[in-house]
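K.L.:
quick one: sequence and predicted model below, then my questions.
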Amino acid sequence: MMKRYKVIVWGLGNVGRAAIRMIQEKESLQLVGAVDVDPKKIGKDAGEIFDFPKTGITVTDNIDEALKLDADVVLDYTPLVRDEKGGFTPSAMDVCKVLKAKKNVVTTLPIYYSQATTPDLYKMINDTAKENGVSYLPTGLLPGAYASYIPTVLAGLMGRVDKITVQSGEDDQHNYSSWVKVFGYGMDPDKFPQDKLKLGIASYYVSGVYEMGARLGFKFDDMKIEHEWYTAPEDLHPIFGTVKKGTLCGHKFTMSGMVNGERKVSLIYVHKICDDVVKTPAIDNKIHIEGMPKSLDISIDGMMPLDESYVTSAAPSVNVIPMVVDGDSGFLQALDLKVVTPLK
């Protein structure tokens, strides 16, 4: 008889929506709890709020009560909460609350490869997980499957790796999440806090660069962060309102792990709106590896389509549930587990 894993979904936004549907379709998974703070969702069925079939699970806003349920894992899709210095401690404390309830945690939060970026949070989460006999695994699309899981695996085709560059991005024109406001779409670029955004985005994504560097044997002596911004050549019309000509419509962030002044591992990420109208900056999902052989180039098309752009963020976190629940306790990384494949 197939084992069924009992799941609580905490956060019913874009990624949570994709996860609910996946859980409904998997024989090996059972939804037992759903938590969100949106008044429009509380008290309603977790499937019906997305026009999916009924799940029989009513959405609650009380995570403490949900943690009393018999569950194997909490899928944490809550928005990142930062402290006054921009750190991730508030979200890390929420993770530890779940771990103390003896529930495993799989999350898309960027508390990822934290032994390199925030060792104090790594120790707190790792110790809490081990003390309670459960696990914490951060994985999604980015950081996660696309940076750094897939590039690191592809690097295994190389006899020698001298340099790796990962490019990606997303079109936010259909994104109704509150965090999209951080990009200042429609604002005057001269009045927008560009440096604050650069540092905030770097802290979100850069952990993937550190993991790729460590896995490939590079010891960075510097991390170079660059930011370019773009203005709308005409009025644009994303879901959240009109973005006037001349105002902000896109950003390109480049994070590079450096060795002796040379880029060794780079992540280039674009956030923009209306890519169908404005082609610059380009959203390219490409991986370029240099070494022996001379170069390896991979393109991945269709990874974040406008109609279902969050499936590839949810799927890595859902498909890994059995390995997390049945594996070792502590702070885990997907590259240390068995190959992640679709669940039945």
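P.N.:
In hand now; what should we look at? Residues are numbered from 1 along each chain as shown.

K.L.:
which residue ranges form the helices in the stretch 201-344 of the chain?
P.N.:
For the stretch 201-344 of the chain, the helices defined by DSSP state H, counting those that start in this stretch cover 311-319, 321-326.

K.L.:
which other helices and strands contact the longest one?
P.N.:
Looking back up the chat, that one is helix 311-319. helix 14-25, strand 104-107 (3 or more CB pairs under 8 Å, 6 or more residues apart in numbering; DSSP states H and E). Where C-beta positions appear, they are placed from N, C-alpha and C, glycine not excepted.

K.L.:
just put these in JSON lines and tack on mean pLDDT.
P.N.:
Putting the helices and strands packed on helix 311-319 into JSON lines (pLDDT from 0 to 100) gives the following:
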{"stretch": "helix 14-25", "mean pLDDT": "97"}
{"stretch": "strand 104-107", "mean pLDDT": "98"}
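
K.L.:
which one of those is the most hemmed in?
P.N.:
strand 104-107 (a mean of 28; mean count of other CB atoms under 10 Å).

K.L.:
mind listing residues that contact that one?
P.N.:
Strand 104-107 is contacted from outside by 72-77, 95, 98-99, 129, 134-140, 317-318, 320-321, 324-325, using CB atoms under 8 Å, 6 or more residues apart in numbering.

K.L.:
and the next helix or strand past that strand?
P.N.:
Counting by DSSP states H and E, the next helix or strand C-terminal to strand 104-107 is helix 114-117.

K.L.:
which parts of whichever helix or strand comes after that following helix are buried?
P.N.:
Going down the chain from helix 114-117, the next helix or strand is helix 119-131, by DSSP H and E. Neighbour counts using 16 or more other CB atoms under 10 Å place 121-122, 124-126, 128-130 of helix 119-131 among the buried residues.

K.L.:
same check on stretch 329-340?
P.N.:
Judged by neighbour count (16+ other CB under 10 Å), stretch 329-340 contains these buried residues: 329-335, 340.

K.L.:
ranges for the strands of the stretch 201-344 of the chain?
P.N.:
Using DSSP state E, counting those that start in this stretch, the strands of the stretch 201-344 of the chain run over residues 222-231, 248-259, 262-272, 286-292, 295-299, 330-331.

K.L.:
between those, which gets nearest to V180?
P.N.:
strand 262-272 (8.5 Å; CB to CB).

K.L.:
list the buried residues in that closest one.
P.N.:
Of all the residues in strand 262-272, those buried under the rule 16+ other CB under 10 Å are 264-272.

K.L.:
any chance of a markdown table for the helices of the stretch 201-344 of the chain, columns mean pLDDT, distance to N62 and mean neighbour count?
P.N.:
Below are the helices of the stretch 201-344 of the chain laid out as a markdown table (pLDDT from 0 to 100; distance: least, CB to CB, whole Å; neighbours: other CB atoms under 10 Å):
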| stretch | mean pLDDT | distance to N62 | mean neighbour count |
| --- | --- | --- | --- |
| helix 311-319 | 97 | 23 | 23 |
| helix 321-326 | 98 | 23 | 19 |
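
K.L.:
Y146 contacts G169, correct?
P.N.:
No: taking CB atoms under 8 Å as the definition, Y146 is not a contact partner of G169, at 10.8 Å.

K.L.:
wait, what's in contact with D297?
P.N.:
Per CB under 8 Å, 6+ apart, neighbours of D297: 286-289.

K.L.:
could I get those as a markdown table with pLDDT and neighbour count?
P.N.:
What follows is the contacts of D297, written out as a markdown table (pLDDT from 0 to 100; neighbours: other CB atoms under 10 Å):
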| residue | pLDDT | neighbour count |
| --- | --- | --- |
| K286 | 97 | 14 |
| I287 | 98 | 20 |
| H288 | 98 | 16 |
| I289 | 98 | 22 |
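
K.L.:
mind putting the helices of the stretch 201-344 of the chain in TSV, distance to S256 included?
P.N.:
Below are the helices of the stretch 201-344 of the chain laid out as TSV (distance: least, CB to CB, whole Å):
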stretch	distance to S256
helix 311-319	24
helix 321-326	31
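
K.L.:
give me the secondary structure label for K163.
P.N.:
Under DSSP: H, G, I helix; E, B strand; the rest coil, K163 falls in the strand class.

K.L.:
now it. Nearest residue, chain neighbours left out?
P.N.:
Excluding the flanking residues, the one nearest K163 by CB to CB, 6 or more residues apart in numbering is E290, at 4.3 Å.

K.L.:
where's the one you found relative to V265, distance?
P.N.:
Distance from E290 to V265, counting by CB to CB, to the nearest Å: 11 Å.

K.L.:
again, but for I300
P.N.:
Where V265 is concerned, I300 sits at a distance of 18 Å (CB to CB).
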